[in-house]
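Undergrad: structural data only, the sequence is not supplied:
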């Protein structure tokens, strides 16, 4: 069910991108450009600075929603190792 | 950026025709969501085509169920900015999300459906989840139709 003609299937959908660096991003997929994957309204998890681990961070996002750290982020293709939908909480 | 009212009017009416009262000012929000008892649903409407386009019919389906919250309200994100911001102030720790559905009991959020829980899911499946939440949180004090289905 896509209501955005001319856009990729993931356009407008909330995804989790896992990075080679260990960082993760959760945001609305906008498009894939030559610079990388553009996400909007993005929450960012950096294991080097985050107070909680990635799984706990994701679980909180699932329950309470996305606390936006950046309005938009471009993740280079070389950094992104996995893209998946943000699944609802099982709790 | 707000959209032309002529464009969003059908989106407002798709919700209000199910008996949901639209709150368009801070005063209306405070009057509706201020201290009080009972069960309240707040639907945050949105122009977003894919998510809101599924959420509105899902809401209409769910509100045909025999058990419903006592009070049904909606605000329109991106259109009625002040009213939406005020409504979100009543939703405690939950981050802004549109479209979304909040269910409150005695002023406390007991169930929240975020946009990411709506995206890509068919209205019937969303409605089933809402109905389950209505049954769980509203059966004791919400609106319960009689066995005949009359909405009194």
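TA: Noted; the coordinates are in hand. Everything numeric here is computed off the predicted structure, so don't read it as measured data.

Undergrad: quick one: contacts for residue B:93?
TA: residue A:64 (Cβ atoms under 8 Å, 6 or more residues apart in numbering or on different chains). To be clear about C-beta, it is placed using only N, CA and C from the backbone, and glycine gets the same treatment.

Undergrad: how about a cut-off of 10 Å?
TA: Residue B:93 sits next to A:60, A:63, A:64, A:65, A:67, B:109, B:112 when contact means Cβ atoms under 10 Å, 6 or more residues apart in numbering or on different chains.

Undergrad: and the two most separated of these?
TA: Spanning the widest gap among these are A:67 and B:109, at 16.0 Å by Cβ to Cβ.

Undergrad: and the closest residue to residue A:58 other than its chain neighbours, how far from residue B:40?
TA: Nearest non-adjacent residue to residue A:58, counting by Cβ to Cβ, 6 or more residues apart in numbering or on different chains: residue A:16, 6.9 Å away. Look at residue A:16 and residue B:40: by Cβ to Cβ, to the nearest Å, they are 32 Å apart.

Undergrad: what do you get for residue B:137?
TA: Relative to residue B:40, residue B:137 is positioned 10 Å away (Cβ to Cβ).

Undergrad: again, but for residue B:122
TA: 26 Å.

Undergrad: same question, residue A:11
TA: According to Cβ to Cβ, residue A:11 stands 33 Å off from residue B:40.

Undergrad: for residue B:82, same thing?
TA: 20 Å.

Undergrad: more neighbours: which of these two?
TA: Per other Cβ atoms under 10 Å in any protein chain shown, whichever of residue B:82 and residue B:40 has more neighbours is residue B:40, with 23 against 13.

Undergrad: pLDDT on the helix or strand that contains that one, on average?
TA: Following DSSP states H and E, one finds residue B:40 within strand B:39-45. For strand B:39-45, the mean per-residue pLDDT is 97.

Undergrad: stretch B:134-145: which residues count as buried?
TA: B:134, B:137, B:138, B:142, B:143 (16 or more other Cβ atoms under 10 Å in any protein chain shown).

Undergrad: can you read off the pLDDT for the fourth one?
TA: At residue B:142, the pLDDT value in this model is 66.

Undergrad: that's a strand at residue B:102, yeah?
TA: Yes - counting by DSSP: H, G, I helix; E, B strand; the rest coil, residue B:102 is found in a strand.

Undergrad: so it makes contact with residue B:91?
TA: Yes - using Cβ atoms under 10 Å, residue B:102 makes contact with residue B:91 at a distance of 5.3 Å.

Undergrad: in the sheet, who's paired with the residue nearest to the spatial centre of chain A?
TA: Note on chain A: the residue nearest the mean C-alpha position is residue A:26, at 2.4 Å, using Cα atoms, centre = their mean. As for beta bridges, residue A:26 partners with residue A:16, residue A:43 under DSSP bridges.

Undergrad: run through the bridge partners of the residue lying closest to residue B:139 once chain neighbours are set aside.
TA: Leaving aside its sequence neighbours, residue B:139 sits nearest to residue B:67 (Cβ to Cβ, 6+ apart; 5.3 Å). Residue B:67 has these beta-bridge partners by DSSP bridges: residue B:144.

Undergrad: if we can go back for a sec, can you flag the buried ones in the contacts of residue B:93?
TA: Buried among the contacts of residue B:93 by 16+ other Cβ under 10 Å: A:60, A:64, A:65, B:109, B:112.

Undergrad: give me every residue that touches residue A:51.
TA: Residues near residue A:51 by Cβ under 10 Å, 6+ apart: residue A:57.

Undergrad: and for residue A:67?
TA: So residue A:67 contacts A:26, A:41, A:43, A:44, A:57, A:60, A:61, B:93, B:95, B:96 (Cβ under 10 Å, 6+ apart).
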